[in-house]
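**Q** Predicted model and sequence below, questions to follow.
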Amino acid sequence: MRTLFCKPVLALVVPLVFLSFLFSGLAFAYSEQDPMVLKCGIDNPPGDMKARTIKRLGDFVQEKTNGRVVFKYFYGTSLIKKPQFVDAVGRGIADISTGPVSFVTGKIPELSIFEIYGAYRLDKFLDMQEAVMPKMTELFEKKNIHPLFIQYSGSCIFPHKRKFLKRPSDWKGEKMRLAGRWQSTLGKKWGASPIFLPPVELYLALQRGVIDGYMLIWDIVYGLKLYEVAPFIVDTGFSNNAEVVTMNLKKWRALTDEDRGIFLQGIRDIKPWTYRETLKYYDFLKKDIISKGGKIYKLSPEEKALYLKDAHALYPEVRKIAGTIGNRFIDILEPYRDR
């Protein structure tokens, strides 16, 4: 009886021990001698704030893990392009990347609200981020992604070759580079012809008259010197987009508990740091743009309200396509909405 009893038990226990060893190896299959290397596909140049933020996190993680986890950086389009910050990371082509949600709202309509102008107040960015991250994590993990944090992008801006776009009526008849469904919807409403081009193509497109203006953020405009060919820049003072730092979910889950805790500590530290540093950096580059011939106009409260009135009128349409999680985002953002 003892032998008959032991054989079934052994037949059950041995495979379980093997499986336990196998799956535990997924979490511990790296060391200081054989580190986990995280390929970071960052479309931004190394000096850009978004690239510097990921580099700062990488330096912290590498130091605190004693080199068990190493970040390897691929800037520009040397690994992936910015619109691939979800798909390519989910497939493991890159392990970490960063990009604006407007590039993926076609495939992930739940994120549409973040593309709407003034969806959140810029001075409430840190609080807003904490409020949306649980749902952001739930959504992205379905795409084999773990979202690490949201980068601060500041105010969206409307540069133009010949004039300041102070109010929606100034867009009539203009060829405007816009990214994303909702930006294009508003551009058409205001009488413009929306055109999509990657940021790196904008300088020549402006020179050749392919476009008259565009919507972007300060650091990209500065890095590509777009103020040279579109010097009339309107600083709107309202949000557009959320820039999410993505990590491959399998790599995130393969971290040991200790190293995942180090990651989380680095993220907690870096979120207020990058917010403060981005504000300082933007102040510097605005002054530098003006010194080099650029002209900056800040919208008045009345002009800002005209833009936001049209943007917020899109909410019913956004709710129709956003799904359960997307509508939850809209509800969460309501206390933070710019008015």
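**A** Cool, the structure landed.
**Q** Phi and psi next, for Leu79.
**A** Leu79 adopts backbone torsions of phi -120, psi -60, taken as degrees, to the nearest 10.
**Q** isn't it right next to Asp43, touching?
**A** No: contact criterion CB atoms under 8 Å: Leu79 and Asp43 do not qualify, at 9.1 Å. In this view, the C-beta of every residue, glycine as well, is placed from N, C-alpha and C.
**Q** Neighbour count for the two, which is higher?
**A** Asp43 (26 against 20; other CB atoms under 10 Å).
**Q** ok, now how distant is that one from Pro168?
**A** Separation of Asp43 from Pro168 (CB to CB, to the nearest Å) stands at 30 Å.
**Q** what about the helices in the stretch 101-250 of the chain?
**A** Ranges of helices within the stretch 101-250 of the chain are 125-141, 181-189, 202-207, 218-223, 249-254, based on DSSP state H, counting those that start in this stretch.
**Q** Tally up the residues packed near Thr167, please.
**A** Just to correct that, residue 167 is Arg rather than Thr. Residues near Arg167, counting by other CB under 10 Å: 16.
**Q** How about the one 4 residues further on?
**A** Residues contacting Trp171 under the criterion other CB under 10 Å number 21.
**Q** Use 770 as the first number from now on
**A** Sounds good: first residue 770 from here, last item Trp940.
**Q** Quick one: residues contacting the closest residue to Lys1061 other than its chain neighbours.
**A** Once flanking residues are discounted, Lys1061 sits nearest to Tyr996: 6.8 Å by CB to CB, 6 or more residues apart in numbering. Tyr996 sits next to 928, 990, 1002, 1058, 1061-1063 when contact means CB atoms under 8 Å, 6 or more residues apart in numbering.
**Q** Kindly give a single ChimeraX line that selects the buried subset of those residues.
**A** Burial among those is assessed by 16 or more other CB atoms under 10 Å; the matching ChimeraX selection reads:
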select :928,990,1002,1058,1063
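**Q** From the contacts of Tyr996, pick the one nearest Asp1107.
**A** Nearest to Asp1107 among the contacts of Tyr996 is Ile1002, at 19.7 Å by CB to CB.
**Q** any idea how far Val990 is from that closest one?
**A** Look at Ile1002 and Val990: by CB to CB, they are 7 Å apart.
**Q** any common contacting residues for the two?
**A** Residues touching both Ile1002 and Val990 (CB under 8 Å, 6+ apart) are 926, 928, 996, 1058.
**Q** quick revisit: same list, the helices of the stretch 870-1019 of the chain, but as JSON lines with mean pLDDT please.
**A** JSON lines is the format used below for the helices of the stretch 870-1019 of the chain (pLDDT from 0 to 100):
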{"stretch": "helix 894-910", "mean pLDDT": "98"}
{"stretch": "helix 950-958", "mean pLDDT": "94"}
{"stretch": "helix 971-976", "mean pLDDT": "98"}
{"stretch": "helix 987-992", "mean pLDDT": "92"}
{"stretch": "helix 1018-1023", "mean pLDDT": "98"}
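**Q** Rebuild these as JSON lines, extending it with distance to Tyr1076.
**A** Below are the helices of the stretch 870-1019 of the chain laid out as JSON lines (distance: least, CB to CB, whole Å):
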{"stretch": "helix 894-910", "distance to Tyr1076": "19"}
{"stretch": "helix 950-958", "distance to Tyr1076": "8"}
{"stretch": "helix 971-976", "distance to Tyr1076": "21"}
{"stretch": "helix 987-992", "distance to Tyr1076": "18"}
{"stretch": "helix 1018-1023", "distance to Tyr1076": "37"}
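**Q** which of those helices sits most buried?
**A** Burial of these is given as mean neighbour count (mean count of other CB atoms under 10 Å); helix 987-992 ranks first at a mean of 21.
**Q** any idea how far Gly836 is from Gln802?
**A** 9 Å.
**Q** Settle it for me: which of these two has more neighbours?
**A** Remark: of Gly836 and Gln802, Gly836 carries more neighbours, 13 against 7, as counted by other CB under 10 Å.
**Q** CA atoms of stretch 872-885 as CSV?
**A** In CSV, the C-alpha atoms belonging to stretch 872-885 read as follows (Å, rounded to 0.1, in the frame of the first residue of the first chain):
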residue,chain,number,x,y,z
PHE,A,872,-0.3,58.2,-31.7
VAL,A,873,-2.4,55.3,-30.4
THR,A,874,-5.9,56.5,-29.8
GLY,A,875,-6.9,55.0,-33.1
LYS,A,876,-6.1,51.5,-31.8
ILE,A,877,-6.7,52.3,-28.1
PRO,A,878,-9.8,54.7,-28.1
GLU,A,879,-10.0,54.4,-24.3
LEU,A,880,-7.2,57.0,-24.2
SER,A,881,-9.0,59.5,-26.3
ILE,A,882,-9.8,62.0,-23.5
PHE,A,883,-6.1,62.7,-23.0
GLU,A,884,-5.9,64.0,-26.5
ILE,A,885,-8.6,66.7,-25.9
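**Q** Sort out which residues of that stretch are buried, please.
**A** For stretch 872-885, the neighbour count (16+ other CB under 10 Å) marks 872-874, 877-885 as buried.
**Q** quick one: which of these is nearest Lys841?
**A** Here the nearest of those to Lys841, counting by CB to CB, is Phe872; it sits at 23.3 Å.
**Q** measure the closest one to Met818 for me?
**A** Distance, Phe872 to Met818, using CB to CB: 19 Å.
**Q** likewise Pro852?
**A** Distance from Pro852 to Met818, by CB to CB: 20 Å.
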